[in-house]
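S.K.: sequence and computational prediction follow.
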Amino acid sequence: RKGPFWVGDGMVWTMLDCSLVPKLYHMKVGLKNFKKDAVDLEKDYPGLASYVAAALDRESVKDTLYPEETVVWGWSNARL
């Protein structure tokens, strides 16, 4: 692989990444806030952790993701 993204050689950001990254972001926030970091992505899934880090570093992702506290608020309400 040449790049950090999911499809092909990883050099091109695709619709799959656009769909997957928000879900992984919610998972990361949820694990931290609701499960007390029950899964250590860095240690247990380093490939996934580096993918998420690279994706979250993109300006287009930074500009469109909700802040962590908003994700926590939303999932707190959904979990009632």
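M.R.: Done, it's in.
S.K.: so which bits of the helix ranked longest in the chain are buried?
M.R.: Secondary structure of the chain per DSSP state H: the longest helix is helix 15-34. The neighbour-count check on helix 15-34 (16 or more other Cβ atoms under 10 Å) flags 17, 20-21, 24-26, 28-29 as buried. Heads up, the C-betas are built off the backbone N, CA and C, glycines and all.
S.K.: nearest spatial neighbour of residue 2, skipping sequence neighbours?
M.R.: residue 9 (4.6 Å; Cβ to Cβ, 6 or more residues apart in numbering).
S.K.: which ones are touching the one you found?
M.R.: 1-3 (Cβ atoms under 8 Å, 6 or more residues apart in numbering).
S.K.: in the chain, which spans are helices?
M.R.: Here the chain has its helices, by DSSP H, at 15-34, 41-44, 46-56, 59-62, 68-78.
S.K.: on that earlier part again, save the buried residues of helix 15-34 as a markdown table, and put in pLDDT and distance to residue 74 too.
M.R.: What follows is these, written out as a markdown table (pLDDT from 0 to 100; distance: Cβ to Cβ, whole Å):
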| residue | pLDDT | distance to residue 74 |
| --- | --- | --- |
| 17 | 96 | 22 |
| 20 | 96 | 19 |
| 21 | 97 | 17 |
| 24 | 96 | 16 |
| 25 | 97 | 12 |
| 26 | 96 | 9 |
| 28 | 94 | 14 |
| 29 | 95 | 10 |
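S.K.: so where's the chain uncertain?
M.R.: 80 (pLDDT under 70).
S.K.: what do you get if the cut-off is 80, keeping everything else the same?
M.R.: Along the chain, segments meeting pLDDT under 80 span 79-80.
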